[in-house]
Every structure is written in C-alpha cells, then in structure tokens.
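[1] Turn this into a model:
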Amino acid sequence: MKRFLFAAVLTSTALSFPIKADSLPAPIICVVEQATLDKSAALKSIVNQLEKKRTEIQKELAADEHRLKEEDRKLLESQKKLSEKEFTAKRQDFERRVHEVQAKLEVRRMQMEFAFEEAKKKVYEAFLKVANEVKTEAGANLMLYKETVVTADDAFDTSGKILEKLDKTLPSVPVSFKSEAEIKKLMQQQPPQGK
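    Residues are numbered from 1 along each chain as shown. The predicted model follows:
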C-alpha cells in the first residue's frame with residue numbers, strides 16, 4: 001500500500017511540472033534504403049577491381065602450390081637416397097617454404113581487406129554527404145534507414161534520388177593496395193585475435 005501511495009505521489013508531482021515540448025523542431029522525415037550504398041556505381045567499381053586482384057592472387061598462389069607439391073614429391077623420392085639427418089634438414093627447409101607461402105597468403109588477404117575498407121569508406125563518406133543534401137532539398141530534418149521503419153508512404157523514400165546523385169558525384173573509386181611491407185607492419189600492430 002505504501003508503494004502504491006509513493007508511486008501516486010511521484011506521478012502527480014511529475015505531472016505538475018511543465019514539459020518543454022517546443023524546444024525541439026517537429027520531425028520532417030525521409031527514408032533511404034540501406035542497400036543504396038551497395039547499389040552505387042562506386043561500390044560496384046570497387047568490387048570489380050577487387051575481383052581482378054583476387055584472380056591475380058589466385059594465379060600466384062596456384063603457381064606456389066604447384067611448385068610446393070612438386071618439391072614435396074621430389075623430397076619423398078629422395079628420402080630413400082638420403083640419410084635421416086639430410087632428409088630431416090631438407091624436410092625442415094620445405095616446411096619453411098610452406099610457411100612462407102601461408103604467410104604470403106595471409107598478407108594478400110589483408111591487402112584485399114584493407115583496400116576494400118579504405119575504398120568503401122570513401123563511398124560511405126560521399127553517401128553521407130549526398131544523403132544530407134537530398135534530405136535538405138526534400139525539406140526534411142531527419143533521415144532514417146527504410147528498414148528501421150515499420151511502414152511509410154513511398155513519397156518519403158529518397159533512395160532513388162540519393163543513388164542517382166551519388167553515382168554522378170562518385171562514379172568510381174580507385175582501389176589502392178598497400179605494399180607487403182606496410183601490411184606486415186599493420187599486422188604486427190594488431191592485437192592477437194581471441195584476446
């Protein structure tokens with residue numbers, strides 16, 4: 001009973017203070033699809049450049065893999081002719097080369113990842129600028145992702161205008177790949193995963 005009275009007193013006290021609803025402007029809302037960025041010509045140009053690089057990397061790694069398989073085959077054939085000590089030394093040398101190829105693969109993967117993130121950041125920055133311009137042109141003061149709205153009239157959707165303006169503003173983004181030395185340095189700076 002005491003809790004009920006306490007809650008009633010709090011409620012009546014809260015209602016007696018005026019609320020300043022006029023301190024914020026009335027929302028004038030427009031929406032944009034999250035996929036607008038993915039549909040942009042700039043992001044498509046990034047994906048195309050990355051696919052070309054991925055093909056180059058696959059060819060390079062396929063050649064490495066073929067070379068390692070051939071070395072492994074020759075090593076197994078020579079095992080009968082070599083002393084145990086000589087074979088162990090050659091096997092360790094072979095395993096070192098395998099490790100080098102695995103490390104090169106990780107560097108290539110990171111080159112692709114960093115290149116994509118840097119290029120996509122440029123598209124996202126242009127997207128935000130264009131979205132703000134379209135919002136202002138539409139007379140809105142708030143833009144939401146369409147996917148976060150339960151329902152809205154199509155008249156609120158600015159996705160088409162934003163995509164058209166983004167494609168004119170930024171039709172493509174050149175993708176630049178960091179050198180192996182830069183990637184190795186960045187990899188050393190990253191904290192180990194799982195910690």
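
[2] so what does the lengthiest helix in the chain touch, helix or strand wise?
    The longest helix of the chain (DSSP state H) is helix 84-137. The contact analysis (3 or more CB pairs under 8 Å, 6 or more residues apart in numbering; DSSP states H and E) places helix 84-137 against strand 29-32, helix 36-39, helix 41-78, strand 142-145, helix 159-169, helix 180-189. The way it works is simple: take the backbone N, C-alpha and C, and place the C-beta from them, glycine included.

[3] Next, format these as TSV and append distance to Ala119, mean pLDDT and mean neighbour count.
    What follows is the helices and strands packed on helix 84-137, written out as TSV (distance: least, CB to CB, whole Å; pLDDT from 0 to 100; neighbours: other CB atoms under 10 Å):
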stretch	distance to Ala119	mean pLDDT	mean neighbour count
strand 29-32	21	94	21
helix 36-39	12	94	17
helix 41-78	5	94	14
strand 142-145	22	93	15
helix 159-169	14	97	17
helix 180-189	16	85	12
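
[4] Let's have those in JSON lines, adding distance to Arg97.
    Shown next, in JSON lines, are those (distance: least, CB to CB, whole Å):
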{"stretch": "strand 29-32", "distance to Arg97": "51"}
{"stretch": "helix 36-39", "distance to Arg97": "40"}
{"stretch": "helix 41-78", "distance to Arg97": "7"}
{"stretch": "strand 142-145", "distance to Arg97": "49"}
{"stretch": "helix 159-169", "distance to Arg97": "47"}
{"stretch": "helix 180-189", "distance to Arg97": "17"}
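
[5] Fine, thanks again, bye for now.
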